[in-house]
Every structure is written in C-alpha cells, then in structure tokens.
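Got a predicted model here, sequence first, then my questions.
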Amino acid sequence: EVCDDISNDGFATFDLSSQEAIILGGQDPATYNVSFHASQDDADNNAGNLPDSYTNTTANLETIYVRVENPLYSSCYSTTSFDLIVNALPDVTSVTPLQVCDDDTDGFVGFPLSDKEAELLNGQSGVAVSFHENLLGAEMDNSEIFDGYVNTSMNNQTIFVRLENTTTNCYNISSLTLEVLENPIANSTTPLEVCDDDADGIAIFNLSLKDAEVLGSQTGMTVNYYANQDDADAGDSPLPTNFTNTQAGAQEIIVRIDNGSSDCYSTTTLLLIVNPKPLVLEVSNYELCDEITPGDEEEAFDLNTKTAEISGSQANVTVSYYANPTDASTETNPITGLYTNISNPQTITAVLTNTITGCTSDLEFDVIVNPLPSVVSPTALEVCDDGTPDGLTEMDLSLKDLEITGNNPTYSVNYYETLADAETETDPLPILYTNTSNGQIIIARVENTSTGCYDTTELELVVQQAPIAFTPQPLRYCDPDNDGFGVFTLTDVDDEITGGASGLEVTYHETETN
C-alpha cells in the first residue's frame, strides 16, 4: 500500500523490491532471484519483468505476480502475487482565514485553531487534523501547535495543516491563514447629562450625542447602546437613540462599537445623569417711583438687585435677565447694567443657570413705575403769637396735612427742617413744633403708603404778633341806692387797654372762656 500523490488520481509509484524480504521469508536472497510480472503467464514464462520502481497501470488496485527461482536451475521456480493498493489522500479544500480580533492593538493574538477543523475536514471522517507552524513540521508530523497559538508574524501569518487518514496514515497538507483583525477602540466617555424638567429624575437622552466621543478618529464603525453588558456582548436589544432612563437620577449603560468589516467590537460604559434644575422661588415685583422725569412712567432699573431674592440660598447659580421670553429661550440680548422699561408695567424674564450642570429655570416678574403722590403746594401756616413779641411760637403742623394731600387718605405727611432730611427721612419734626424764625421754610414729605413713593413741598411758617392788652385801672361806680349794682361804660378803658394803639378792636366778655 502507498499513498496517492497530490493529484489523487489512483496512480502512484511503488518500490516492488520492498516486498522481496517478505516473499523470500527466511531464504537466502543470494540464492534466489525474485522478479515481478504483470500476469501469471509472464511469471510462469519469466517474461515481461517489471522494474523495481513501478507505477501501477490500473487505478487504485492492481495485482503483481512474483516469480522466485534458483538461477542455477531456472526450471525450478515458484510464484505468488500481491496487490498494489493506492490509498487516497485526505481531501484538501480551500478554507477561509481564521480571524481573531486584536484586543490590545499590538497585532498578536491567541488563535482557536480547532475552530477550523470542521471546515478543513469538509465532511470527511476518519481523518485527523493537526496544525504546524511550517511546512516541514506538517510533512514530518512534528512541532504541532494547538489552540491558543499566538502568531509570530504581526497581523497575518500562514500556518500548515496536516490531514491524516487514521486507517491508512496517508496525509495531505493544507495551509491556513491567520488574520489579526483591527479591534475598534471604544474610547472612554464623559457622563451624558440632561436637565430634569419635572423633578422626577427621569428624562430623554439623545444617545447619539456620544457617538463622536466613543469613536474618536475611527471611521467605518457603528455605535450602539445597551442596557447591560450581556446584551452588548450578544448585540441584542440595542437601546433607541432617544432613550428614557429607567433608573431615576443616574444610570450606567453600555456602549458597543463594531468594526463594520468584521465581527470585532469593543465596549465601554456611559453614565447617564439627570440634573435637577435650579429652584424657582416666589419673587416680588420690582417697583420704582417715577422720579427721573415724573409722569413719563420710565425709570432705570438695576435688575441685579433682584438676584439674591431670585437665587435664594442656592449655590452655583447665576441669574440673567431678558426683556422677553424669546430672548430668554435663545439666550440673546441679556440685560446688563441699568434697564429702562419700555412699558408700564413690563414683564422681565429671569433665567437661573446652574454653573456646574448648565441646567436652567425661568421665572417672570414685573417692573413697575409708580407715580409720585400728587402734592398741593400749601399756603403759609399762620399762627398768632400772644406771648413775647419774638415771632416764635408753638404751632400744630398737622393743620396743613389735608391741604397738602388734597385729602387723599392713602398719603402720609411728615415735616423736616431741610430737603436733605426729608429725602433721607432724618429727624422728622414733631407735630407741635416751635419755629426757629418767623417766615421759616420747612419741608413736607408726602408719601403714598401703598407704594412708598414720595414727593416734597415747602411750607412757610408765619407768626402774627397778637395785640398787647394792658391791664387797666378798675372801673368805679358810685352806688346811689347802695344796692351793689351800677351801669359801667366799659369802653371808657379802651385806650387804657390798647395803650392808645390804633387799628385795634376791643371786646368785653364775662368769662375767660367766652
């Protein structure tokens, strides 16, 4: 028996002489001649001797006839026969490369060689498969390599496969290409953060926003997102691009990047974070008095004075102001510095921004310009000085309240010696006030108790000197009838009482009260 050559056509070259020892048994080869013949007749007639190196003429199976004779006695011979059997080589089929993904980008990996056995056998049974680093090793059946073999040539290497029939030991040699495939790199990701619209810790995430970060400069790759590592490894149940988190506040998902030309992939994690928005507090309107140009209902508002009230005690929160919701939504035309209202009232939109998360909240308040009180310029407050003629006396300032306020019940009035005191509400004068000079000008501050807006006006204090009443001598009357009653002419003492001053009227009364 021999193995067919690589053509596997059933023909092969046999060394017929290799059978001589078996044919002679223990006989001396020097005594006997052994010859090989294509037929029994040829063997009997010692004709058509075949060469020792003989190629069969009938495929796979052919009988050879043997003549053994004593050369000294050629008529003394014996014959026998044996078959030439050409055993087929195992079939060799073309196999696809064994591809393994490179997990560390160095071009070297361990290959599961046995994964290719079924493809190499292509349905053949009774054939053993072994792998060898070189052709000589495969032919000599040594230096076998096994699963986990790491290529010695970077990225690509050809190894050799010995397929051997376990019955005939005939073998054939094939080759196998080992390919190290580029494994995509799943770059580490920063958290994907969104803002919580309704304070429930749940929000919609546009996962595709992280594609570029995961890919880096790689092209020809696909990116998918998964709820867990098992799904990612299996490529099952990818998450939708617009994904609503299922764990309130924060959730970790898996990102898988696939090489579009192979089954190689890598994974990394992505943290989804739902950040709370800044708290929106109750905020009062911003009111100013119409002071710059009274009556135009325009004032310069310093909106920054509302920041503390709007942000409260929240840390890392800034406040920006906009004249309308459209500007606020697009973050255009923020109000800086003093702002003059364009209507009265006017609604201002404040945007609270967390400087760490970037989350924003909006709130609105009105800027309002309140009118100044309508103040009546009063006539002088005149009082009579019935004491020492020094032009100073105590007077009741509140006597002018109704005149100055126009009898408006929402106004309050206070009086001050100077305008500066009135504007700063410093040292208000007592209601019962003694003037410091005759004709003194004081300031009345009139304030709207609802709005706090005020205006001022001047009030002149005038002291009119009362006439001096001199004490006259007693009037005497002689009582003719001694009854204690008499008629007195009171005007007789007019001059004595007035001291002779002109322009004075004297009246007489029975009591001080009258």
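Here it is on my side, so go on.

Checking Glu287 next. Helix, strand or coil?
strand (DSSP: H, G, I helix; E, B strand; the rest coil).

How about it, nearest residue that isn't a chain neighbour?
Ile368 (4.5 Å; Cβ to Cβ, 6 or more residues apart in numbering). All C-beta spots, glycine's among them, are computed from the backbone N, C-alpha and C.

Give the helix, strand or coil label for the one you found.
Ile368 is classified as strand under three-state DSSP.

Now for it, how many residues are close by?
Close neighbours of Ile368, defined as other Cβ atoms under 10 Å, add up to 18.

go on, Ser174?
19.

And it, which helix or strand is it part of?
strand 171-181 (DSSP states H and E).

Now do Pro191 against Phe488, distance only.
Separation of Pro191 from Phe488 (Cβ to Cβ, to the nearest Å) stands at 112 Å.

what separates Glu458 from Leu432, distance-wise?
In terms of Cβ to Cβ, Glu458 sits 20 Å off from Leu432.

Ok, Ala350 next?
49 Å.

who's more crowded, those two?
Ala350 (23 against 10).

For the more buried one, list each beta-bridge partner.
Tyr321, Leu363 (DSSP bridges).

can I assume it is in contact with Val319?
Yes: here Ala350 lies in contact with Val319, judged by Cβ atoms under 8 Å, at a distance of 5.6 Å.

hey, what's in contact with both of the two?
Lys306, Ile310 (Cβ atoms under 8 Å, 6 or more residues apart in numbering).

In this protein, where is pLDDT below threshold?
Counting by pLDDT under 70, the chain shows low-confidence ranges at 386.

All the helices of it, residue numbers only.
Under the criterion DSSP state H, the chain contains helices at 20-24, 40-45, 117-121, 135-140, 211-215, 229-234, 307-311, 325-330, 401-405, 419-424, 494-498.

Tell me which residues of the fifth one come out buried.
What it means is helix 211-215. For helix 211-215, the neighbour count (16 or more other Cβ atoms under 10 Å) marks Asp211, Glu213, Val214, Leu215 as buried.

Same check on the third one?
By neighbour count, and taking 16+ other Cβ under 10 Å as the criterion, the buried residues in helix 117-121 are Glu117, Leu120, Leu121.

For the nearest residue to Asp44 once chain neighbours are set aside, give me its contacts.
The shortest distance from Asp44 to any residue other than its chain neighbours is 6.7 Å, reached at Thr79 (Cβ to Cβ, 6+ apart). By Cβ under 8 Å, 6+ apart, the residues touching Thr79 are Gln40, Ala43, Asp44, Tyr65, Val66, Arg67, Val68.

on contacts alone, who are the packing partners of the strand holding Ser174?
When contacts are defined as 3 or more Cβ pairs under 8 Å, 6 or more residues apart in numbering; DSSP states H and E, strand 171-181 packs onto strand 98-101, helix 135-140, strand 156-165.

What's opposite the most centrally placed residue in the chain in the beta bridge?
With distances taken as Cα atoms, centre = their mean, Glu193 lies nearest the centre of the chain, 2.2 Å away. Beta bridges link Glu193 to Ile273 when assigned by DSSP bridges.

so it touches Gln251, yeah?
No: if you go by Cβ under 8 Å, Glu193 and Gln251 don't touch, sitting 11.9 Å apart.

Now for those two: what residues contact both?
Leu272.

hmm, back to that, measure the residue nearest to Asp44 to Pro371 for me?
Counting by Cβ to Cβ, the gap from Thr79 to Pro371 is 145 Å.

How about Pro334?
30 Å.

who has more neighbours, these two?
With neighbours defined as other Cβ under 10 Å, Pro334 and Pro371 compare such that Pro371 has more, 15 against 12.

now that one: how far from Asn344?
For Pro371 relative to Asn344 (Cβ to Cβ), the value is 10 Å.

Overlap in contacts, these two.
Glu297.

Okay, angle between the biggest strand by length in the chain and strand 156-165 too, please.
Secondary structure assigned by DSSP state E gives strand 73-87 as the longest strand of the chain. On the basis of axes from the mean of the first three to the mean of the last three Cα atoms, to 10 degrees, strand 73-87 is oriented at 130 degrees to strand 156-165.

What residues sit buried inside strand 73-87?
Buried residues in strand 73-87 (16+ other Cβ under 10 Å): Tyr77, Leu84, Val86, Asn87.

How about the first one: what's its closest non-neighbour residue?
Right, the one you point to is Tyr77. Nearest to Tyr77 is Glu69, by Cβ to Cβ, 6+ apart, at 3.7 Å.

Would you confirm that the one you found contacts Leu24?
No: taking contacts as Cβ under 8 Å, Glu69 lies outside contact range of Leu24: 11.8 Å.

that older thread, contacting residues for the residue nearest to Tyr77?
Tyr32, Asn33, Ser35, Asn46, Cys76, Tyr77, Ser78.

farthest pair in these?
Within the contacts of Glu69, Ser35 and Cys76 form the most distant pair, 14.1 Å apart (Cβ to Cβ).

Neighbour-wise, which one of the contacts of Thr79 leads?
Result: Ala43 is most packed of those (other Cβ under 10 Å), 24 neighbours.

number of nearby residues for the closest residue to Phe488 other than its chain neighbours?
With Cβ to Cβ, 6+ apart as the criterion, Phe488 has its nearest non-adjacent residue at 5.0 Å, and that residue is Leu475. By other Cβ under 10 Å, 12 other residues sit near Leu475.

so where do the strands sit in the stretch 351-500 of the chain?
360-370, 381-385, 394-396, 411-416, 432-434, 440-448, 454-465 (DSSP state E, counting those that start in this stretch).

Which of these sits closest to Thr167?
Here strand 360-370 is closest among the strands of the stretch 351-500 of the chain (Cβ to Cβ), at 81.3 Å.

got the contacts of Glu69 as TSV, with distance to Asn206 columns?
Converted to TSV, these look like this (distance: Cβ to Cβ, whole Å):
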residue	distance to Asn206
Tyr32	96
Asn33	96
Ser35	92
Asn46	97
Cys76	104
Tyr77	99
Ser78	96
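
Quick check: Ile6 touching Leu89?
Yes: here Ile6 reaches Leu89: they are 7.1 Å apart, a contact under Cβ under 8 Å.

Give me the neighbour count for Ala250.
14.
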